[in-house]
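Chemist: structure, please.
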Amino acid sequence: MKEKMIRSVAWADLAVTLPFALPFVAEAVIALIYFLDQRLGFGTPSTLFEMGPLAMMFVHIMGVLGVVWALSRLCMPSPLLARIDATARLVVAALIVYAIAQGTTPVLWVFVLTEIGGCIGQVLTSNRKGPST
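Modeler: The predicted structure is shown next:
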């Protein structure tokens, strides 16, 4: 059961981070985020995120690191990695909240919720007693 939860969260992470690792796909995902921002009436200027080569390099690096981290948990779904992941999720959620406070799109609250949800799932999994399957 533990491994199943760890792998489920890792699969979700892979689905979310892989597009950011891929040139052109990442740009489309960012454009979609700002499209949703406009449709929801937030009106956040997309010029706040300048999709120049330097910014996109960091986006792609984040995507690659997310993919590698997800693959590591798929290959080795251990309680230790679940605890590390839970801690990292809290840091990432805090960074997203900070970005929202600095004026980026409130659409990113969806990512905050998924990070906190993944954190809770990983903590509950890594603290369970019993067999790891």
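
Chemist: which residues are contacting the worst-scoring helix or strand of the chain on mean pLDDT?
Modeler: Between all helices and strands in the chain, the lowest mean by mean pLDDT, DSSP states H and E belongs to helix 109-127, at a mean of 92. With contacts defined as CB atoms under 8 Å, 6 or more residues apart in numbering, helix 109-127 is touched by 1-2, 5-6, 8-9, 12-13, 16, 79-80, 82-83, 85-86, 89-90, 92-93, 96-97, 100. Where C-beta positions appear, they are placed from N, C-alpha and C, glycine not excepted.

Chemist: apply 10 Å and report the result again.
Modeler: 1-6, 8-10, 12-13, 16, 33, 36, 73, 77-97, 99-100, 106, 132 (CB atoms under 10 Å, 6 or more residues apart in numbering).

Chemist: off-centre distance for that helix?
Modeler: 10 Å (CA atoms, centre = their mean, to the nearest Å).

Chemist: buried ones in that helix?
Modeler: Along helix 109-127, these residues count as buried under the neighbour rule (16 or more other CB atoms under 10 Å): 111-112, 114-115, 118-119, 121-123, 125-126.

Chemist: before we move on, the earlier item: out of the contacts of helix 109-127, which are buried?
Modeler: 2-3, 5-6, 9-10, 13, 16, 33, 73, 77, 79, 81-82, 84-86, 89, 92-93, 96, 99-100.

Chemist: in helices only, show me these.
Modeler: 2-3, 5-6, 9-10, 13, 16, 33, 73, 79, 81-82, 84-86, 89, 92-93, 96, 99-100 (DSSP state H).

Chemist: my read: residue 44 touches residue 102, true?
Modeler: No - if you go by CB atoms under 10 Å, residue 44 and residue 102 don't touch, sitting 11.1 Å apart.

Chemist: these two - which one has more neighbours?
Modeler: residue 44 (19 against 8; other CB atoms under 10 Å).

Chemist: that older thread, got a markdown table for the buried residues of helix 109-127, with distance to residue 67 too?
Modeler: Output for the buried residues of helix 109-127, formatted as a markdown table (distance: CB to CB, whole Å):
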| residue | distance to residue 67 |
| --- | --- |
| 111 | 16 |
| 112 | 21 |
| 114 | 16 |
| 115 | 17 |
| 118 | 16 |
| 119 | 19 |
| 121 | 19 |
| 122 | 18 |
| 123 | 23 |
| 125 | 21 |
| 126 | 22 |
